[in-house]
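Chemist: Show me how the following folds:
(one chain, ligands or ions: 2)
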Amino acid sequence: MQISSSFLDKYNKPGPRYTSYPPATSFHTGFDNQQYVDALEKSNNDKPESISVYIHIPFCPQLCFFCGCNTTLSKSNQTIRRYIDAVLKEMDTVFQHLDKSRKVSQIHFGGGTPNSIQLFYLEEIVDKIKATFAFTDNPEIAIECSPAYLQLEHIDHLAKIGFNRISLGIQDFNKDVLDAINRRPSKLPIEDVIARIKQNNIKENIDLVYGLPLQTVESFKGNIERILALQPDRVVTFSYAHVPWVKEAQKNLEKYHLPDADEKIHMLEAGYNLLTENGYNAIGMDHYAKPDDELFLASKAKTLHRNFQGYCTRQTTGQVYAFGTSGISQLWSAYSQNEKNLNAYMDMVEKDGLAVVRGYSMSAQETIIREAINEIMCNGRLDLNEIALRLDTQIDVIKQELEYNPAKLQEFIDDKLLTLDNDVIQVSGDGMMVVRNIAMVFDPLLKVEENKFSKTV
Ligand SMILES: C[S@@+](CC[C@H](N)C(=O)[O-])C[C@H]1O[C@@H](n2cnc3c(N)ncnc32)[C@H](O)[C@@H]1O
Ligand code: SF4
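Modeler: Ligands and ions are numbered 1, 2, ... in the order given. Model prediction:
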């Protein structure tokens with residue numbers, strides 16, 4: 001892969017990340033607890049039938065300046081106990097509306113830093129889910145961990161609880177970069193951490209971020225070389241999203257040299273080339289997996305799916321029920337988001353059992369747009385006939401709701417980024433680099449406003 005400056009000038013513009021459609025920026029406050037309860041009951045008859053559970057643990061012992069997640073500085077044991085009790089109570093409320101014959105296919109603990117609290121709290125939550133639902137054959141039970149707070153015994157304990165996937169946030173190995181972003185390095189040699197994870201038969205992902213202060217293309221290549229020596233099952237290279245108007249702490253990074261768009265793209269390119277030349281396969285824009293990894297197999301079979309927790313397969317995905325501060329539930333007919341503030345969340349759940357503050361009810365048109373955008377973003381392919389079949393409607397309806405106009409695809413065709421044949425759009429060449437731009441063509445309701453979105457490449 002080689003990306004030119006002119007390519008970048010043409011395609012690098014603000015646009016949604018499409019981790020969901022519509023993006024979370026569209027959620028509104030009219031959606032409340034009652035509407036969530038209605039959506040929960042409706043979800044029992046919607047597809048996918050399986051259940052994904054997301055639990056947000058917002059606590060971090062130290063806050064990294066670059067971070068875009070919903071976090072809060074670690075609290076006293078008493079407050080953590082109160083938070084976990086609120087999450088358990090929220091589960092009681094939600095579970096009472098769900099059909100217990102459905103099975104759990106995925107549990108994901110995200111944050112914040114879920115491994116920074118005592119692990120028995122996580123066990124209580126997993127046990128509650130196990131006591132309420134049966135599981136599918138190969139459920140994924142995953143946790144995001146910062147290696148700064150990870151001891152080898154913690155990994156054994158996580159395995160005992162049932163975790164079978166750990167995402168390790170490395171971001172960068174270099175001390176100067178970590179200092180600039182106010183982040184602690186791994187407590188133990190990362191080689192020992194990975195070895196212990198593998199001994200416990202847990203799969204591991206490693207997260208890197210490119211575009212951080214003081215990074216150069218050369219230093220980023222060094223990061224990838226260290227990753228190659230570790231041989232994790234999966235690697236993710238996130239593009240640093242600089243949104244200081246939302247995340248004020250990011251302003252702390254502006255006193256350093258922040259890599260510009262050109263440098264960032266060369267980091268992405270270097271990562272892509274090194275990883276794909278050394279045994280990894282690219283999935284979507286920024287994920288990499290070994291050839292026998294289920295994500296890569298799903299990507300080859302064009303059955304990849306994505307939710308707020310990242311890529312998953314159509315087998316592992318379910319309707320996502322989220323718990324904890326800022327958690328976003330992703331149901332077929334609606335999105336629902338919880339209160340972000342820790343104290344407000346706990347007060348609301350203690351009073352009413354739920355803490356919904358905003359959300360979104362999907363219209364029929366938006367359901368079609370979401371399906372088209374998911375296909376393009378995950379599988380780099382969109383077959384309009386297949387979408388019509390899946391949604392049990394006619395292709396003319398699909399085209400009308402997407403305001404489909406092949407002329408809007410012409411510049412991508414001319415640049416050899418996609419092909420169009422019989423209502424099948426196939427992303428090709430370097431097209432996945434600009435897949436967000438391609439997805440925007442199938443989003444007739446999009447309004448791009450200044451300072452609302454990060455850049456697409
Ligand atoms: C909740 S954090 C990971 C868990 C743990 N707290 C840690 O830091 O290792 C999830 C991931 O989001 C990514 N991330 C956070 N802020 C980001 C930003 N502003 N731009 C791009 N990626 C970001 C990081 O790669 C991080 O590993
Ligand atoms: S990157 Fe991880 S450890 Fe750092 S503030 Fe964000 S969630 Fe916390």
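Chemist: From here on, just use CA atoms for contacts and neighbour counts.
Modeler: OK.
Chemist: Show me what the helix or strand Asp179 falls within is in contact with.
Modeler: Taking DSSP states H and E as the criterion, Asp179 maps to helix 175-180. By CA atoms under 8 Å, 6 or more residues apart in numbering, the residues outside helix 175-180 that reach it are Asp172, Arg184, Pro185, Leu212, Pro213, Leu214, Gln215, Leu253.
Chemist: Redo those residues as a markdown table? Include neighbour count.
Modeler: Shown next, in a markdown table, are these (neighbours: other CA atoms under 10 Å):
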| residue | neighbour count |
| --- | --- |
| Asp172 | 22 |
| Arg184 | 18 |
| Pro185 | 21 |
| Leu212 | 26 |
| Pro213 | 21 |
| Leu214 | 17 |
| Gln215 | 22 |
| Leu253 | 19 |
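Chemist: Pull out the buried positions in the longest strand seen in the chain.
Modeler: In the chain, assigned by DSSP state E, the strand with the most residues is strand 135-145. Applying a neighbour-count criterion of 16 or more other CA atoms under 10 Å, one finds Phe135, Thr136, Pro139, Glu140, Ile141, Ala142, Ile143, Glu144, Cys145 buried in strand 135-145.
Chemist: picking up where we left off before, tell me the one among the contacts of helix 175-180 nearest to Ile227.
Modeler: Asp172 (10.3 Å; CA to CA).
Chemist: ok, and the helix or strand in this structure with the lowest average confidence?
Modeler: helix 5-11 (a mean of 75; mean pLDDT, DSSP states H and E).
Chemist: Counting neighbours, what do you get for whatever residue of the stretch 301-450 of the chain ends up closest to ligand 1?
Modeler: Residue of the stretch 301-450 of the chain nearest ligand 1, by CA to the nearest ligand atom: Gln309 (9.4 Å). Gln309 has 15 neighbours, counted by other CA atoms under 10 Å.
Chemist: cool, Ile376 as well?
Modeler: 23.
Chemist: Please identify the nearest residue in space to it, excluding sequence neighbours.
Modeler: Distance criterion CA to CA, 6 or more residues apart in numbering; nearest residue to Ile376, sequence neighbours excluded, is Leu382 at 5.7 Å.
Chemist: What separation is there between the residue of the stretch 301-450 of the chain closest to ligand 1 and Gly327?
Modeler: Applying CA to CA, to the nearest Å, the value for Gln309 to Gly327 is 11 Å.
Chemist: What pairs with whatever helix or strand His108 lives in, parallel or antiparallel?
Modeler: Per DSSP H and E, His108 falls inside strand 104-111. Using DSSP bridges, strand 104-111 pairs in its sheet with strand 51-57 (parallel), strand 135-145 (parallel).
Chemist: Minimum distance to Lys89: which of those strands has it?
Modeler: Using CA to CA, the strands paired with strand 104-111 put strand 51-57 closest to Lys89, at 12.8 Å.
Chemist: circling back: which SSE is immediately downstream of the strand holding His108?
Modeler: Counting by DSSP H and E, what follows strand 104-111 is helix 119-132.
Chemist: for whichever helix or strand comes after the least confident helix or strand of the chain, packing partners?
Modeler: Next in sequence after helix 5-11, counting helices and strands by DSSP H and E, comes helix 33-43. Other elements packing on helix 33-43 under the criterion 3 or more CA pairs under 8 Å, 6 or more residues apart in numbering; DSSP states H and E are strand 356-361.
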